[in-house]
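>>> no sequence on this one, just coordinates:
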């Protein structure tokens, strides 16, 4: 997996799908408003998990798209012979995996605080 070219379409589709589903949130909210209190309490964690998954999908999908667009723009404006641009062209996948690794480490570090905050908000 030297370059991201073959994967960019998949990431764009994942991003577009996640954004589209997240935009359906107001419909789910209006449905929940009509539901009973018991149903709302039972479904809150499921709704939270769905939207958290959509958010993480968006975060994961945007990284390779931004890398590819950045490299394309640098080549387009004539910087293809610049050393850093050449390096990035050759190591797009490595940069993507590194950024994803930093995101995972940040989530691991922030995880306990995030969960504590959610537990204090949702009964």
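Received, thanks. This is a predicted model, so every value here is computed, not measured.
>>> what bits of this protein have low per-residue confidence?
Applying pLDDT under 70 to the chain flags residues 1-6, 123.
>>> Output the longest helix belonging to it.
With secondary structure taken from DSSP state H, the chain has its longest helix at helix 37-76.
>>> Go through stretch 12-20 and flag the buried ones.
Residues of stretch 12-20 classed as buried by neighbour count (16 or more other CB atoms under 10 Å): 14, 15, 18. No exception for glycine: its C-beta is placed from N, CA and C like everyone else's.
>>> I'd like to know which elements the longest helix of the chain is packed against.
Packing partners of helix 37-76 (3 or more CB pairs under 8 Å, 6 or more residues apart in numbering; DSSP states H and E): helix 5-22, helix 25-34, helix 83-90, helix 92-121.
>>> between the first one and helix 25-34, how big is the angle?
Inter-element angle recorded for helix 5-22 and helix 25-34: 30 degrees (by axes from the mean of the first three to the mean of the last three CA atoms, to 10 degrees).
>>> Go ahead and flag the most central residue of this structure.
Residue closest to the average C-alpha location in the chain (CA atoms, centre = their mean): residue 59, at 1.7 Å.
>>> shouldn't that residue be in contact with residue 102?
No: look at residue 59 against residue 102 with CB atoms under 8 Å: they stay out of range, at 11.3 Å.
>>> just to revisit the earlier point, what about the longest helix of the chain, distance to the chain center?
Chain-centre distance of helix 37-76: 3 Å, with CA atoms, centre = their mean, to the nearest Å.
>>> repeat for stretch 99-114
Centroid displacement of stretch 99-114 relative to its chain, using CA atoms, centre = their mean, is 13 Å.
>>> Next, the buried residues of that stretch.
Buried, per 16+ other CB under 10 Å, within stretch 99-114: residue 99.
>>> ditto for stretch 69-85
Neighbour-count burial for stretch 69-85, counted by 16+ other CB under 10 Å, picks out 71, 74, 85.
>>> Phi, psi for the residue of the chain positioned farthest from its centre please.
Here the chain reaches farthest from its C-alpha mean at residue 36, the gap being 32.2 Å by CA atoms, centre = their mean. Note on residue 36: backbone dihedrals following degrees, to the nearest 10 are phi -80, psi 160.
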